[in-house]
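Q: Take this sequence and fold it.
(2 chains)
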Amino acid sequence: MNQAHVKIKPNIQITAFYLFFIIHTMQIGAGIMGVPQIIYKESKNNAWISVLIAGVFLHLTIFVMVTLLKQYNNADLFAIQKDVFGKWISRFLGTFYILYVLTVTSSILLNYTEVVQVFIFPKMPSLQITFFLLFLATYAITGGFRVVVGSAYLFFFLTIWLVFSLYEPVRHVDWDHYFPLSQATPKELMLGAYKTTFSVLGLEVLLFVYPFISNKKKVPIAAHLAVLLTTILTFLVTFISIGYFSGPQLEEQIWPTLAMFKIIQFSILERFDFIAVAFWGFVILPNIILFIWLASYGAKRLYHVKQKHALYVIIILLYAFTNFFEYRFNINTITDLAANVGFYAVFIYPYFLLLIVLVKKKFTKGQGSGTK
Amino acid sequence: MKRLTLLMICSVLCLTSCVEKKYLEQIGIVTAVGYDMLDEEGWLEGTHVLFQFDPNQANVSQIITTRAKTAKGLINDASLKTSKKLASGQLRLVLFGDKIAKEGVMRLLDTLARDAEIADMMYIAVSETTANQVLRANNFEDAANIGTYLHQLIQKNIQDEKVPQSTLHDFLHHYYDRSSDPVVPILNEENSKPTIRNLAVFRGDQMVGKISAKEGFHLKLLKDRFESGQLEMVIPQEPFIDDKESDRHYEEVQGIYINLGELSSDTDIQVVSVDNIEFNVNINITARVLELSEAVKMEDDKIIKKLEETIDKNLEQQTEELIQKLQEMNSDPVGFGLKYQRKVGPKAMENDKWRELYPQMKVKININTKILRSGIIN
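A: The predicted structure follows:
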């Protein structure tokens, strides 16, 4: 029954090992800079519990995605949608997904641009910063899928050491802030978990790169490990922020994670936060590379255009769009939009799709046996 | 893979590009700022200590005094008075005049918290008189300028555990924590040399009183832990009257003067009763005797025990006095409020509830001192 099948040439296939880096890099980006404040606003000093709840939900979603993909041989979301909904609806849904991915990308670009302007170069125009980032992204994506994956892999190791610099803020943690433990109501905890999901969007990439993976058996492990690491990192920054800042202070911080780097000093380097913000570029870059690759690849799959042409159009659109926004509240609007749409597209839709696929499968099976 | 290498190189070049060039010789690095309130409504006087690099000159420090209504306005006004480009990324110390500290300092700290250029590890201090007077003092030892001297003075004393942590981060942390309050050192000028004698106690962002640096010891005992502190105290002579080797007799010395060093402590504050706002504080101290004005027989265990108990009682009494003083000021630098919050949750502490409860607080202090060594003699 499963006609949906995506053929990928063996020379651009990757092993599941790299899937770990793809998913993790997609998830960690601009969001983690500010996530402690967003969760704290909902569930106060129990915010870290919300992160753990969100983590469980992430694993569940990965499980659902993997189950969904296993129903087919070698399909991605586009193929599955086509199989389930037919040509036109699937094309509409696919386009919608691409638009969502582009909104997320612009939100990342805008947020990072703002961070650079606030922290390091107040006079550097957005035109320049976004140009650099988009130029590098274009360069990487024209190199093909393997370069895209390679960038995720390399930049992961370039930036993961930043975790260890959290040691200094830990020493300033006020342990009294964590108590009482059962402060937030279940509703607040769930709201906090809901807000957490905003900053860990990106695991949907699994639905698109699945056909590229040569050893499918290892997919679940790689995907689960990736979201586990994301959960751990989000948990760490949230947990430490709660102790490091006092409550109302944390609520005022726009980027608590970056603000925590402000107390790190070395004798040869007084201001570690500048280094951290500059290094954040290495976190952001593979993030947007992957997102833009996804969008251009989606355009290719849906409309049968050349990926390169789609890429150029997307880059120009993004460049024009991101320089359209200037004020913080505009950026907030676009970020909220991306987050809200993302929640449904990433955390609700796969469950729904799996349900339909399973029902359809049962139905066709029954029919098949009936004709026999 | 070639493309990947190129991507790396390109990103290093692009993402680290220098946009704004700043030449070292043209920059005046602000190392310390003092804020005073003028008599006219809303006007501030700012004192900026600049550090400049001039290859030809030996004197590299400059002080600029300006007037404006906001902190950033003061910097703007200052740029009219110097050829240097002012940079505040190396700001090490903010000094508030006595008057503005009593009025409230958040008005000025706001910009420091907002500006990403400002380091969080910068120190906050209050001047005994005006900030201008302290910053204009001309004896700053061998430091490059007064800003560096004051920074080192405070830093050293924090490391020596004589002054509590008073960085911008700590100040903001305690300010926003509605159930604890900041404490910063007070700088005063003695023979045109700035020194630390007292500590300023804040309620919110207003200075409400001061305690001596000696009382600061008891404060640190309550809120923090000592790793190698030092303490001088007077204990009554009576209990030891029979235990002395009577070779020393000082008419003018009333009681025994004792100095403890290598003092380490650890503190446990517990809420005994939420309704009656009762706390129990258990403090364990270990120390060694550095100095004794009377020759007490230190080889005897019983006498050491007696000595320890006397020290305990003395410390307990002094610490209780300090808490009483702080309660009168209605300022909680120890953070009893935080311990209370642990029990009742942050919601019960909203609307400055703790300010009403704090003066009624009852604290029972229990100190347990252990003298480990007595130097190389008994």
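
Q: quick one: contacts for A:F363?
A: Listed by CB atoms under 8 Å, 6 or more residues apart in numbering or on different chains, the contact set of A:F363 is empty. Where C-beta positions appear, they are placed from N, C-alpha and C, glycine not excepted.

Q: can you confirm it is in a strand?
A: No - counting by DSSP: H, G, I helix; E, B strand; the rest coil, A:F363 is not found in a strand; it is helix.

Q: Read off the pLDDT value for B:A287.
A: B:A287 is assigned 89 on the pLDDT scale.

Q: now for whichever strand or helix holds it, which elements pack on it?
A: When elements are assigned from DSSP states H and E, B:A287 belongs to strand B:278-292. When contacts are defined as 3 or more CB pairs under 8 Å, 6 or more residues apart in numbering or on different chains; DSSP states H and E, strand B:278-292 packs onto helix B:213-223, strand B:256-273, helix B:301-329, strand B:362-373.

Q: residues from the stretch 201-350 of chain A in reach of chain B?
A: By CB under 8 Å from any CB of the partner chain, the residues of the stretch 201-350 of chain A that approach chain B are A:244-249, A:252, A:259, A:262-263, A:265, A:270-271, A:273, A:278, A:281-282, A:285.

Q: Tell me which of those residues fall in strands.
A: Per DSSP state E, strands hold no members of those.

Q: Among these, the buried ones, what's the PyMOL command?
A: A single PyMOL command selects the buried members of these (16 or more other CB atoms under 10 Å in any protein chain shown):
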select buried, chain A and resi 244+245+246+247+249+259+262+263+271+273+281+282+285
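
Q: residues of stretch B:109-121 that come out buried?
A: Here stretch B:109-121 shows B:L109, B:T111, B:L112, B:A113, B:A116, B:E117, B:I118, B:A119, B:D120, B:M121 as buried, counting by 16+ other CB under 10 Å.

Q: near chain A, from these?
A: Okay, of these touching chain A (CB under 8 Å from any CB), that's B:A113, B:A116, B:A119, B:D120, B:M121.

Q: and the residues you listed as CSV, adding secondary structure?
A: Formatted as CSV, those follow (three-state DSSP):
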residue, secondary structure
B:A113, helix
B:A116, coil
B:A119, coil
B:D120, coil
B:M121, coil
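
Q: Okay, now the sheet partners of the strand holding B:A287, with direction.
A: If you go by DSSP bridges, strand B:278-292 pairs up with strand B:256-273 (antiparallel), strand B:362-373 (parallel).

Q: Please spell out which residues along that strand are buried.
A: B:F279, B:V281, B:I283, B:I285, B:T286, B:A287, B:V289, B:L290, B:L292.

Q: Please apply the same query to stretch B:370-378.
A: B:I371, B:S374.

Q: Equivalent analysis for stretch A:49-61, please.
A: A:I49, A:S50, A:V51, A:L52, A:I53, A:A54, A:G55, A:F57, A:L58, A:T61.

Q: Now do stretch B:130-147, average pLDDT.
A: 85.

Q: So is the helix or strand where A:F132 lies next to chain B?
A: Per DSSP H and E: A:F132 is located in helix A:126-142. Yes - contact between helix A:126-142 and chain B, assessed by CB under 8 Å from any CB, occurs at A:Q128, A:F132, A:F135, A:L136, A:Y139, A:A140.

Q: What count of nearby residues applies to the second one?
A: So that's A:F132. Using other CB atoms under 10 Å in any protein chain shown, A:F132 is surrounded by 19 other residues.

Q: Quick check, pLDDT for A:S369.
A: At A:S369, pLDDT is 45.

Q: Can you tell me which of the buried residues of strand B:278-292 lies closest to chain A?
A: B:F279 (13.2 Å; CB to the nearest CB).

Q: Strands of the stretch 1-150 of chain B, start to end?
A: B:27-37, B:44-52, B:61-68, B:85-87, B:93-96, B:123-127 (DSSP state E, counting those that start in this stretch).

Q: how about A:Q183, secondary structure?
A: coil.

Q: just checking, it touches A:N45?
A: Yes - using CB atoms under 8 Å, A:Q183 is in contact with A:N45, at 5.8 Å.

Q: can you list residues touching both of the two?
A: Joint contacts of A:Q183 and A:N45 (CB under 8 Å, 6+ apart) are B:P346.

Q: can you count the residues close to B:I277?
A: Neighbour number of B:I277 under other CB under 10 Å is 18.

Q: contacting residues for the closest residue to it other than its chain neighbours?
A: Excluding its sequence neighbours, the residue lying closest to B:I277 (CB to CB, 6 or more residues apart in numbering or on different chains) is B:M361, at 4.7 Å. Going by CB under 8 Å, 6+ apart, B:M361 touches B:I277, B:E278, B:F279, B:Q327, B:F336.
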